[in-house]
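Trainee: sequence first, then the predicted structure:
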Amino acid sequence: LASSGVLAADMESVWLLRPAQGAAGAVVRVVADPAGEPLLRPRTLRHVRAALRTLPQLTEALAAWGGAVRPRRVLLAAPRSFCAGVVRAIEVVDRALDQRGAPVYVRRQIVHNSHVVRRLEARGAVFVDELADVPSGATVVFSAHGVAPDVRAEARRRGLDVIDATCPLVAKVHAEARRFADDGDTVILIGHRDHEEAIGTMGERPDSTRLVQDAAEAARVEVPDPGRVRYLVQTTLAADEVDGIVDVLHARFPQLQAPPSDDICYATTNRQLALREVSRDAELVLVVGSENSSNSRRLVETAQRLGLPAHLLDDVGDLDLGWLADVTTVGLTAGASAPQELVDEIVTAIGGLGPVAVTEARLVDENIHFAVPKEVRSS
């Protein structure tokens, strides 16, 4: 074997594993006598001593692995992963790159997922924080989260080639904010202050709009006329979270009016309901999504409110073996901006820890499709 280029031959591991009799087991080998060198020499003894010092350092990792190894069920929540608005936004950037060539500038992340952003960057998309970073006359895509009117005005002043990838459901909330404020109502937007969607919606009619993030802020918010109040909702929030805030607002403003139709995105609602379904039998919930994804974080919070340990993973590299110790049933889902292949990788990784039975709990089929803007439609 040495003459063929092999550096080490493992002739003991199978024999050492034989007493496990089919149970999970591991053998860690540290090679002290590499091929091509004499076995009986002083350096070999030094290698053996180094090996004896190295092996105990692996105890903690092996214990974590051993605690995680077992047969499991993985309950996949469905729907999960991309929604129609995310598919549309990504397609807008891909088409812009195909038709106009690189670079194509994108204001902020097109959707809140690091893997999607990296893939588009590799194709030539350039993500910027503000329009000041976009050269005059260049193509710029507005993200799925929408922008305030002053951003659109700046783009016009600078002669930028604008392609608007705002999700149609977010655009609906913007339109409602304009209409209600122009009718003389105070608009209370339930949302997160630092989220791009809330910033864009607030920018429509800032003097007539108040932002509340939670029940405590709802109890303090002031309006000029308590009889002329409407509320709107950031599309990526959790329904039960919003209900509690609305209850507080109703108590303070009995004539509070709701939006004509639910502002929370159908995909957000469907993913939360599907997660509730799998959570009935799960001992642990894993949610695939990036840290800055609001709807992904709401999924984690939904599971936690149900009393389950839940964790957000950007990808399989974030999977902690300690989470899986003594767990036999895992609920798994993904936020609306997370690619399905990331879910598949996690299922594969869990399968490396023992036999896995995968079951999908499908709540509803999503057949919604949003057309891309005319600027990138094929001629």
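Mentor: That came through fine.
Trainee: which parts of the chain are helices?
Mentor: Using DSSP state H, the helices found in the chain span residues 13-17, 42-54, 59-68, 84-100, 114-123, 149-157, 168-182, 196-202, 215-218, 239-252, 266-279, 294-305, 321-324, 340-351.
Trainee: export these as TSV, with columns for mean neighbour count and distance to residue 190.
Mentor: Backbone N, C-alpha and C define where each C-beta goes, glycine included. Shown next, in TSV, are the helices of the chain (neighbours: other Cβ atoms under 10 Å; distance: least, Cβ to Cβ, whole Å):
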stretch	mean neighbour count	distance to residue 190
helix 13-17	12	57
helix 42-54	12	55
helix 59-68	14	40
helix 84-100	21	19
helix 114-123	16	27
helix 149-157	14	21
helix 168-182	18	11
helix 196-202	23	9
helix 215-218	16	8
helix 239-252	15	5
helix 266-279	22	13
helix 294-305	22	12
helix 321-324	17	32
helix 340-351	16	30
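Trainee: mind checking which of those is nearest residue 315?
Mentor: Evaluated over those, closeness to residue 315 peaks at helix 340-351, with 5.2 Å, by Cβ to Cβ.
Trainee: re earlier: for residue 372, which of the helices of the chain is the nearest?
Mentor: It's helix 84-100; of the helices of the chain, that one is closest to residue 372 (Cβ to Cβ) at 5.6 Å.
Trainee: what mean pLDDT does the closest one get?
Mentor: When pLDDT is averaged over helix 84-100, the result is 98.
Trainee: for that helix, name the packing helices and strands.
Mentor: If contacts are counted by 3 or more Cβ pairs under 8 Å, 6 or more residues apart in numbering; DSSP states H and E, helix 84-100 sits against strand 104-107, helix 114-123, strand 139-142, strand 161-164, helix 168-182.
Trainee: now with 6 Å, please.
Mentor: Helix 84-100 sits against strand 139-142, with contacts defined as 3 or more Cβ pairs under 6 Å, 6 or more residues apart in numbering; DSSP states H and E.
Trainee: which residues are in contact with the strand it packs on?
Mentor: For strand 139-142, the external contacting residues (Cβ atoms under 6 Å, 6 or more residues apart in numbering) are 92-93, 100, 104-107, 134, 160-166.
Trainee: pull the distance from that strand to the chain's centre.
Mentor: 23 Å (Cα atoms, centre = their mean, to the nearest Å).
Trainee: so what strands line up beside that strand?
Mentor: Strands that pair with strand 139-142, judged by DSSP bridges, come out as strand 104-107 (parallel), strand 161-164 (parallel).
Trainee: and the gap between residue 362 and residue 322?
Mentor: Look at residue 362 and residue 322: by Cβ to Cβ, to the nearest Å, they are 30 Å apart.
Trainee: check contacts around the residue positioned nearest the centre of the chain.
Mentor: Residue closest to the mean C-alpha point of the chain, counted by Cα atoms, centre = their mean, is residue 289 at 1.8 Å. Counting by Cβ under 6 Å, 6+ apart, residue 289 makes contact with 296, 312, 335, 338.
Trainee: pretty sure residue 111 is touching residue 86, no?
Mentor: Yes - applying Cβ atoms under 6 Å as the test, residue 111 and residue 86 come out as touching, 4.9 Å apart.
Trainee: so what sits against both of those two?
Mentor: residue 337.
Trainee: picking that back up, give me the pLDDT for the residue nearest to the centre of the chain.
Mentor: 98.
Trainee: and it, how far is that from residue 256?
Mentor: To residue 256, residue 289 is 32 Å away according to Cβ to Cβ.
Trainee: residues near the nearest residue in space to residue 133 that is not next to it in sequence, how many?
Mentor: With sequence-adjacent residues excluded and distances taken as Cβ to Cβ, 6 or more residues apart in numbering, residue 133 is closest to residue 105, at 7.6 Å. Residues near residue 105, counting by other Cβ atoms under 10 Å, number 19.
Trainee: likewise for residue 145?
Mentor: Residues near residue 145, counting by other Cβ under 10 Å, number 28.
Trainee: which residues touch it?
Mentor: Residue 145 touches 196-197, counting by Cβ under 6 Å, 6+ apart.
Trainee: what pLDDT does it get?
Mentor: As summarised for this prediction, residue 145 has a pLDDT of 98.
Trainee: again, but for the one 10 residues further on
Mentor: Residue 155 is assigned 98 on the pLDDT scale.
Trainee: that one touches residue 164, doesn't it?
Mentor: No - in this structure, residue 155 is not within contact of residue 164 by Cβ under 6 Å, at 9.7 Å.
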